[in-house]
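A.B. asks: mind folding the following:
(one chain, ligands or ions: 2)
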Amino acid sequence: VTESTTNRAARIRALARAISVVERGGPDADALEADLGPCSATWVIGVTGPPGVGKSTLVDRLIGTIRSQGSTVAVLAVDPSSPISGGAILGDRVRMTRHSDDDGVYIRSMAARGHPGGLAAAARSAVRVLGAHGFDVVIVETVGAGQNEVDVASLADCVVVVVAPGVGDGVQAIKAGILEIADIYVVNMADRPGASQTVADIGAMLSLAPTPDWVPPVLQTVAIDDHGVDELWAALERHRVQARRAGIADARRRARRRAEVTERVLADVRKRALAIIESDVAAQVVDRAAAGEITPIEGARRLGEMVSQRL
Ligand SMILES: Nc1nc2c(ncn2[C@@H]2O[C@H](COP(=O)(O)OP(=O)(O)OP(=O)(O)O)[C@@H](O)[C@H]2O)c(=O)[nH]1
Ligand SMILES: [Mg+2]
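C.D. replies: Ligands and ions are numbered 1, 2, ... in the order given. You can find the predicted model right below:
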């Protein structure tokens with residue numbers, strides 16, 4: 001039985017709307033998330049790495065592999081440098097349009113701006129919405145080389161770090177610390193010179209870090225030619241099995257939930273504390289500190305007392 005086109009269109013619109021709601025945050029988002037229930041069985045794969053190394057192209061190919069296995073997949077392309085969410089102008093959307101008629105694929109872009117609760121929180125919520133909609137796999141693509149990056153490790157069950165020879169430089173990435181979070185390394189653009197050197201660089205780095213339960217494989221791909229993508233999928237599935245067996249998956253989910261609870265409380269406390277500091281009751285102390293009549297330390301001490309009494 002095939003679902004009617006109108007049904008499908010309505011369902012996709014509802015999904016898009018739900019993501020927009022959680023993106024905006026606030027009471028509506030909280031209510032929506034409460035209706036989703038506590039958790040889901042979705043497998044979340046993070047794909048990160050320096051700009052332009054072929055992440056979106058690789059994800060596009062992975063979509064093909066995942067669909068050929070009969071699983072459904074949603075992609076959340078988080079772009080910290082773009083000001084516009086959801087739209088079709090992002091390269092990611094363009095790069096993956098060949099899947100746009102496929103009911104088992106949903107692609108959504110998320111930009112840096114417009115998330116009062118922070119981009120990471122918005123992405124986390126969007127992943128939950130996608131999971132609740134029943135996608136078997138959710139792939140989160142983020143650029144992972146700059147300052148404002150979303151910590152994909154705090155979202156994903158498995159983190160794929162993509163580098164390319166000569167692009168964003170593998171060794172630079174190692175220095176920037178983004179490689180440390182990888183469960184799987186991919187040297188994409190293996191059709192370019194220097195790929196085996198990049199593989200060797202990563203291997204050398206890995207040999208310094210003992211990992212008893214899972215040794216991150218270092219794969220080579222040519223995403224534009226669909227080379228190595230099945231091997232990447234196989235590595236992902238191996239990681240999924242091993243992460244479950246070794247208890248890594250469960251430990252990560254626990255750590256993630258704990259971190260999220262803490263973050264949410266801190267965000268809330270911060271907001272309320274700021275409101276008190278900026279209110280009339282605090283004005284006198286703030287002004288005196290501003291005028292240098294009391295030291296910043298003394299000002300902070302008095303304000304701190306005020307805040308903790310009123311929180
Ligand atoms: N030679 C070569 N080019 C590739 C390969 N994979 C991707 N490209 C090209 O590299 C360019 C960047 O690819 P994207 O997939 O947009 O890279 P990205 O990492 O998603 O880029 P951002 O999201 O902007 O960080 C495109 O022109 C691709 O066609 C590859 O394996 N070999
Ligand atoms: Mg991209």
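A.B. asks: OK, contacts around I297?
C.D. replies: With contacts defined as Cβ atoms under 8 Å, 6 or more residues apart in numbering, I297 is in contact with no residue. In this view, the C-beta of every residue, glycine as well, is placed from N, C-alpha and C.
A.B. asks: A helix includes it, no?
C.D. replies: Yes. Counting by DSSP: H, G, I helix; E, B strand; the rest coil, I297 is found in a helix.
A.B. asks: what distance do you get for the closest residue to E231 other than its chain neighbours to ligand 1?
C.D. replies: Nearest non-adjacent residue to E231, counting by Cβ to Cβ, 6 or more residues apart in numbering: L219, 5.8 Å away. Relative to ligand 1, L219 is positioned 12 Å away (Cβ to the nearest ligand atom, to the nearest Å).
A.B. asks: where do the helices sit along the stretch 1-150 of the chain?
C.D. replies: Along the stretch 1-150 of the chain, counting by DSSP state H, counting those that start in this stretch, helices occupy 5-24, 26-36, 55-68, 91-95, 119-132.
A.B. asks: of all those helices, which lies closest to R192?
C.D. replies: Across the helices of the stretch 1-150 of the chain, R192 has its closest neighbour in helix 55-68 (13.6 Å, Cβ to Cβ).
A.B. asks: now do the contacts for the residue nearest in space to the middle of the chain.
C.D. replies: Centroid-nearest residue in the chain: V152, 3.9 Å away (criterion: Cα atoms, centre = their mean). V152 makes contacts with 46-48, 140, 142, 144, 159, 181, as judged by Cβ under 8 Å, 6+ apart.
A.B. asks: between the host helix or strand of R244 and helix 55-68, how big is the angle?
C.D. replies: Here R244 sits within helix 229-245, counting by DSSP states H and E. Using axes from the mean of the first three to the mean of the last three Cα atoms, to 10 degrees, the direction of helix 229-245 lies 80 degrees away from that of helix 55-68.
A.B. asks: how far does stretch 57-65 sit from the chain's center?
C.D. replies: Taking Cα atoms, centre = their mean, to the nearest Å, one finds stretch 57-65 lying 17 Å from the centre of the chain it belongs to.
A.B. asks: again, but for stretch 300-309
C.D. replies: Counting by Cα atoms, centre = their mean, stretch 300-309 comes out at 36 Å from the chain centroid.
A.B. asks: list the buried residues in that stretch.
C.D. replies: Going by neighbour count (16 or more other Cβ atoms under 10 Å), the buried part of stretch 300-309 is 302-303, 306-307.
A.B. asks: for stretch 6-26, same thing?
C.D. replies: 15, 18-23, 25.
A.B. asks: and the residue of the stretch 151-300 of the chain that's closest to ligand 2?
C.D. replies: Taking Cβ to the ion, ligand 2 has its nearest neighbour within the stretch 151-300 of the chain at V162, 9.7 Å off.
A.B. asks: that residue belongs to a strand?
C.D. replies: Yes. Assessed by three-state DSSP, V162 belongs to a strand.
A.B. asks: mind listing what it touches?
C.D. replies: 47-49, 53-55, 58, 186, 188.
A.B. asks: distance of it relative to A235?
C.D. replies: The gap separating V162 from A235 is 13 Å, by Cβ to Cβ, to the nearest Å.
A.B. asks: repeat for A282
C.D. replies: 55 Å.
A.B. asks: the residue nearest to E231 against D230, yeah?
C.D. replies: No. The criterion here is Cβ atoms under 8 Å, and L219 misses it with D230 at 10.6 Å.
A.B. asks: between the two, who's got more neighbours?
C.D. replies: More crowded of L219 and D230, by other Cβ atoms under 10 Å: L219, with 20 against 15.
A.B. asks: what pairs with the helix or strand where that one lies, parallel or antiparallel?
C.D. replies: Secondary structure from DSSP H and E places L219 in strand 218-220. Looking at strand 218-220 with DSSP bridges, its partner strands are strand 184-187 (parallel).
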